[in-house]
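**Q** My questions concern the predicted model and sequence given below.
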Amino acid sequence: MAIKQLVLFRVANETFGVEIGLVKEIVSYQDVTPVPDAYDFVEGIINLRGKIVTIIDMRKRLHVEAAPREKTTRIIILELEGKLMGMIVDAASEIIRIASETIGPAPELINEMGAGYITGVAKHNDRLIVLLDLRRILSPQEVGRLDDLVTSLYGQSK
């Protein structure tokens, strides 16, 4: 039986899970510097111990109504293909281990909407967890454009 370890986080009333191997750290929310001409779901950038990290607002990316930042708001720092990226989430709750066979496919309606970053749904302790493939949360074109913007503005690739 294959076991997956997931970091769980909440956006609005939905619980999401991502593979623990992609998560570098989870930090408290901090002010984000806006980046002109970025995608609407890009909140901006932060300086994390000398590294410039692009920050994505998961409420905007998932088309969820905006809400004020709370004490529980977190930034999950990820490493994707050698680049650091952060996701603003309402709360980062826990790390769980689940059996691969408890994971079902994403509902057809979600797939039809083009949300290629939703890879499945897992059942854990009577709740459903939507699984995200963070490698697909940004297209290669979006990553390239963000890299170009950050480099041109701040002289450093993220």
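**A** Received it, and whenever you're ready, just let me know what you need.
**Q** Report the next helix or strand after the least confident helix or strand in the chain by mean pLDDT in sequence order.
**A** Counting by mean pLDDT, DSSP states H and E, the weakest-scoring helix or strand in the chain turns out to be helix 108-112, with a mean of 53. Sequence-wise, the next helix or strand downstream of helix 108-112 (DSSP states H and E) is strand 118-124.
**Q** show me what contacts residue 33?
**A** The neighbours of residue 33, taking C-beta atoms under 8 Å, 6 or more residues apart in numbering as the test, are 44-46. Just so you know, the C-beta spots here come from the backbone N, C-alpha and C atoms, and that holds for glycine as well.
**Q** Pretty sure residue 69 sits against residue 29.
**A** Yes: counting by C-beta atoms under 8 Å, residue 69 touches residue 29, with 5.4 Å between them.
**Q** These two - which one has more neighbours?
**A** Using other C-beta atoms under 10 Å as the criterion, residue 69 and residue 29 rank with residue 29 on top: 18 against 10.
**Q** wait, what's in contact with the closest residue to that one other than its chain neighbours?
**A** Distances taken as C-beta to C-beta, 6 or more residues apart in numbering place residue 73 nearest to residue 29, at 4.0 Å, with adjacent residues excluded. Applying C-beta under 8 Å, 6+ apart, we find residue 73 in contact with 28-29, 88-91.
**Q** Same check on residue 105?
**A** Neighbouring residues of residue 105 by C-beta under 8 Å, 6+ apart: 120-121.
**Q** distance of it from residue 127?
**A** Distance of residue 105 to residue 127, given as C-beta to C-beta, to the nearest Å: 18 Å.
**Q** Could you do residue 84 as well?
**A** 30 Å.
**Q** More neighbours: which of these two?
**A** residue 84 (17 against 9).
**Q** Surely that one touches residue 48?
**A** Yes: between residue 84 and residue 48 there is a contact at 7.1 Å, judged by C-beta under 8 Å.
**Q** hey, what's in contact with both of these two?
**A** Joint contacts of residue 84 and residue 48 (C-beta under 8 Å, 6+ apart) are residue 77.
**Q** returning to what we had before: the residue nearest to residue 29 and residue 88, how far apart?
**A** For residue 73, the distance to residue 88 - C-beta to C-beta - is 7 Å.
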